[in-house]
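Peer 1: Here is the input, now give the coordinates:
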Amino acid sequence: MAEHLHLHMAFLGHHPGGARLQKLSFRSHLHLASNNHNSKNLWQNICISTWPSLLATPAVPDFYFSGLKNFHSNVISTLPGGYRTFFSDAFPSIHSHDLNTINPPPPSPPLFIRFYYAVDVFLHGQPHPFSSLCATQLVQTRQVFDDFMGFKFRLYPLKHKLKNFIKVKKQGFEEYLKQNLTLSCVVIETKVSKHAGSLFTPGCKPVEVKPAATSGRVKVIFETLLPSLSNLYTQMIKCRTKIVCGWQGDAEDKFCVKCVYSTFKDMNGKRLLERHAAIIILNAIINGERKNK
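Peer 2: As a prediction, the model looks like this:
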């Protein structure tokens, strides 16, 4: 039985010229680091400034994190090339192959897969991340009993004293958040692939913002597509991440993230089993094409 994944999210939304700017930024970072005599520290600084969650403390106690005071160093150091590999893996977004082409075969998964997540939520114009967190998730990939557990992960920042209040006016909040709230989610796998991949890259904007059922709360929704790898589902799978925000009381300057959760469903709305979604994520890290790379 897998642990709940607790994480944090950040995006730098898609905007006119965003892809071109991202490509130029990627090339400029490569040029800068390759011409710097202390490139190891430079790559580390670049990564931490891009993904502040690399410095975060896990939201939930985890025996695997015990003693890892520097999550970013202990995890990323296991990647070949360290921070440079992490940046080249994570800065471009993963996207699926053309369905008309022959995809590489999916990886043969181990009995257990452990993912590390670095997630950041940003609000344009704010000097610091709206919310940042690192997390770990252990998933069993073999069927032992009747499958029943769908893939999902949740974060409750307020329970873990990670709240960060900002000011958001209630009037016109839907359009404001749709244009200014961004999410980034990087997944790292250190045993099989020894690589990272971005489910959501810095620069991505939400597809929808709507009031939640609970008064005073807002759902900000992000989506990405990945190939399913199974005839149990449609050819493409939708990863949907929802950030639930809200005001504490009536004060407009007390707006914060209350919950973050994600699910995997096929295009017919069928929820993926946890073990199937884990294999899809692993395959995306290993075989997924990277844009602007």
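
Peer 1: can you give me the strands in this structure?
Peer 2: Counting by DSSP state E, the chain has strands at residues 94-95, 112-123, 131-140, 152-155, 181-189, 195-204, 208-211, 217-227, 236-247, 255-266, 289-290.

Peer 1: Lowest average pLDDT across the ones you listed?
Peer 2: Lowest mean pLDDT of these: strand 152-155, a mean of 72.

Peer 1: Which strands or helices does that strand pack on?
Peer 2: Using 3 or more CB pairs under 8 Å, 6 or more residues apart in numbering; DSSP states H and E, the elements in contact with strand 152-155 are strand 131-140, strand 255-266. (Each C-beta comes from the backbone N, C-alpha and C, glycine too.)

Peer 1: Can I get the ones you listed in CSV including distance to Arg217?
Peer 2: Below are these laid out as CSV (distance: least, CB to CB, whole Å):
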stretch, distance to Arg217
strand 131-140, 15
strand 255-266, 7
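
Peer 1: Who is the most centrally placed residue in the chain paired with across the strands?
Peer 2: When CA atoms, centre = their mean is applied to the chain, the residue found nearest the centroid is Cys185 (1.5 Å). Beta-bridge pairing for Cys185 (DSSP bridges): Phe200.

Peer 1: Check the gap between it and Asn268 for me.
Peer 2: 24 Å (CB to CB, to the nearest Å).

Peer 1: With Ala284 instead?
Peer 2: 21 Å.

Peer 1: neighbour count winner among the two?
Peer 2: Ala284 (25 against 7; other CB atoms under 10 Å).

Peer 1: who touches that one in this structure?
Peer 2: Ile94, Gly197, Leu199, Leu226 (CB atoms under 8 Å, 6 or more residues apart in numbering).

Peer 1: Please name the residues that touch the spatially closest residue to Arg154 that is not a sequence neighbour.
Peer 2: Leaving aside its sequence neighbours, Arg154 sits nearest to Tyr261 (CB to CB, 6 or more residues apart in numbering; 4.3 Å). With contacts defined as CB under 8 Å, 6+ apart, the neighbours of Tyr261 are Lys152, Phe153, Arg154, Leu155, Thr241, Lys242, Val244.

Peer 1: beta partners of the closest residue in space to Gly288 that isn't next to it in sequence?
Peer 2: Excluding the flanking residues, the one nearest Gly288 by CB to CB, 6+ apart is Ile94, at 3.7 Å. Beta-bridge pairing for Ile94 (DSSP bridges): Arg290.

Peer 1: do Met236 as well
Peer 2: Beta-bridge partners, per DSSP bridges, of Met236: Pro227.

Peer 1: And the pLDDT at Leu7?
Peer 2: The predicted local confidence for Leu7 is 35.

Peer 1: just the one 5 residues further on next, same as before
Peer 2: pLDDT for Leu12: 31.

Peer 1: Now do the same contact list for the nearest residue to Tyr233 once chain neighbours are set aside.
Peer 2: Closest residue to Tyr233 apart from its sequence neighbours, by CB to CB, 6+ apart: Asp266 at 3.8 Å. Counting by CB under 8 Å, 6+ apart, Asp266 makes contact with Ser228, Tyr233, Thr234, Met236, Ile237, Lys238, Leu272.

Peer 1: Could you check how far Met267 is from Arg240?
Peer 2: From Met267 over to Arg240 (counting by CB to CB), the distance is 12 Å.

Peer 1: same check, this time on Thr224
Peer 2: 8 Å.

Peer 1: Which one's more surrounded, the two?
Peer 2: Higher neighbour count among Thr224 and Arg240: Thr224, with 21 against 16, using other CB under 10 Å.

Peer 1: Much appreciated, bye for now.
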